[in-house]
Structure formats: C-alpha cells, structure tokens
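# Pasting the sequence and the predicted coordinates here, then a few questions.
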Amino acid sequence: MFAVSRNDSAASLAKDLRRGGYFPDLIASVLDLAIAGESVVAHLLQPETTFDQAGIRRHLTAAVLTPSRLIVAHVDDHLVDDVPTAMASTEAVPLGEIRSVVVTHGVSNPEDVGQMRRRDLTIALGWGAVQRLDLEPAGCSDPQCEADHGFTGSATSDDLVLRVSADAEGESALLSALAFARALSGATARS
C-alpha cells in the first residue's frame, strides 16, 4: 500500500498506517517522536515483503515531509529466539541538507502522446549519509595490453530510493508517488 497526502495531518497519516496493517501503532509512535509536533505536508508509505530461508520478512519505509524536514522511518520484523520482534528507526533530514531529488519516469509508448502512459516511478534522494561506490577494472584502447590499469568508478549518494510500479502496486500507488515527488521537489526547491 502506498499512500500520499498533501496538506495532511498526523491523524490522516495514522489512518493510512492503520490501513496498511503493518505494526501501525509502533510506526505511528516512532514517527510521532521524529515529527516532533511539526505538521505533515505529504507522506508516502512503501511496504516490501521478501522471502528467504528463514521465511517471510516484511519491511516498511515511511517518508514524511514536514515544512522543514524529511522524516524517513524504516521498520523490519525479525525473529529473535523464536519471539517476533520489530526494529524501527527514523532519520530526520533538514530540507536544506537534501542535495538531490532524482525522479526517473518509466513511460510506455513515449512516441505517441495519446497512448503514452507512465508505468513506473523511482524517487532517489541524496543528502550525503550513504555513498555508493561502483568500481570496475580500468583499461586502455590497446587490445593487446595486459597491464594492470587499476580501477575506475563513480561514487553516488543514494540515501533513499523508492520505486513504484503501476503493474505491481497499481495506478493509484503510482499517482501517490507522483504527488509525493511533486511535494518533495517543491519543498527542496524552496529550502
């Protein structure tokens, strides 16, 4: 379930968390602490379910935009000594610290405006807390060269990546992600 709202209240966020059904009281509690009384401008919830050898794992990312900050909450469930346990963390990022908001649109039939449809959206945010380093062997243009040229690569900031697919989550989830991206882009442009 994805949910977004603009000019929202904490009560509406709590309602969407409850509708999602994944530890709503826990998530509301940790978000309430991080929001610290500010108003909620927009929010986006992204649940993920993964399967591994230990069973089913659930994760929820909640991104909450306030007038001055982006609050990001992550909640995971675990089994500790066969006891169901959840871990919840929040990060509060001042809007002025957000260095980049990259919104990538996946569009079908881009050549035909009447048939063009947005199929997925990826929102990648960077504020410098996490750096990803992609390395590959360096080379030269000589096909006979066997020298070690070291490595080349790039460092990118990907502190938060949210992807929504209309095919997987539905059209309404995609529209919610678009609205959140618009609100976040506007807020970071003003900060």
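That came through, no problem. Since the model is a prediction, treat every value here as computed from it, not as a measurement.

# where does the residue of the chain positioned farthest from its centre land in three-state SS?
Using CA atoms, centre = their mean, the residue of the chain lying farthest from its centre is Gln144. It sits 45.1 Å away. Following DSSP: H, G, I helix; E, B strand; the rest coil, we place Gln144 in the coil state.

# Specify the beta-bridge partners of the residue most central in space within the chain.
Closest to where the C-alpha atoms of the chain average out (CA atoms, centre = their mean) is Leu162, at 3.1 Å. Leu162 has these beta-bridge partners by DSSP bridges: Ile123.

# I'd like the mean pLDDT over the top helix by length along the chain, please.
Among the segments of the chain that qualify as a helix by DSSP state H, the longest is helix 171-190. Taken as a whole, helix 171-190 has a mean pLDDT of 90.

# and it, what does it pack onto?
strand 42-52, strand 55-65, strand 100-108, strand 117-126, strand 160-165 (3 or more CB pairs under 8 Å, 6 or more residues apart in numbering; DSSP states H and E). In short, each C-beta sits where N, CA and C put it, glycine included.

# With respect to Thr188, which of the ones you listed lies nearest?
Closest to Thr188 of those is strand 100-108 (CB to CB; 5.5 Å).

# what does that closest one contact?
115-126, 157, 165, 181, 184-185, 188 (CB atoms under 8 Å, 6 or more residues apart in numbering).

# hang on, the earlier thing: check the offset of the longest helix of the chain from the chain's centre.
Counting by CA atoms, centre = their mean, to the nearest Å, helix 171-190 is centred 12 Å from the centre of its parent chain.

# Can you dump the C-alpha atoms of it in CSV for me?
Provided in CSV are the C-alpha atoms of helix 171-190 (Å, rounded to 0.1, in the frame of the first residue of the first chain):
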residue,chain,number,x,y,z
GLU,A,171,-2.2,3.1,-10.8
SER,A,172,-3.3,4.8,-7.6
ALA,A,173,0.1,3.9,-6.0
LEU,A,174,1.8,5.5,-8.9
LEU,A,175,-0.3,8.6,-8.7
SER,A,176,0.5,8.8,-4.9
ALA,A,177,4.2,8.6,-5.6
LEU,A,178,3.9,11.3,-8.3
ALA,A,179,2.2,13.6,-5.8
PHE,A,180,4.8,12.9,-3.1
ALA,A,181,7.6,13.6,-5.6
ARG,A,182,6.0,16.8,-6.6
ALA,A,183,5.6,18.0,-3.0
LEU,A,184,9.2,17.0,-2.1
SER,A,185,10.6,18.6,-5.3
GLY,A,186,8.8,21.8,-4.4
ALA,A,187,9.9,21.8,-0.8
THR,A,188,13.5,21.2,-1.6
ALA,A,189,13.5,24.0,-4.3
ARG,A,190,12.4,26.5,-1.6
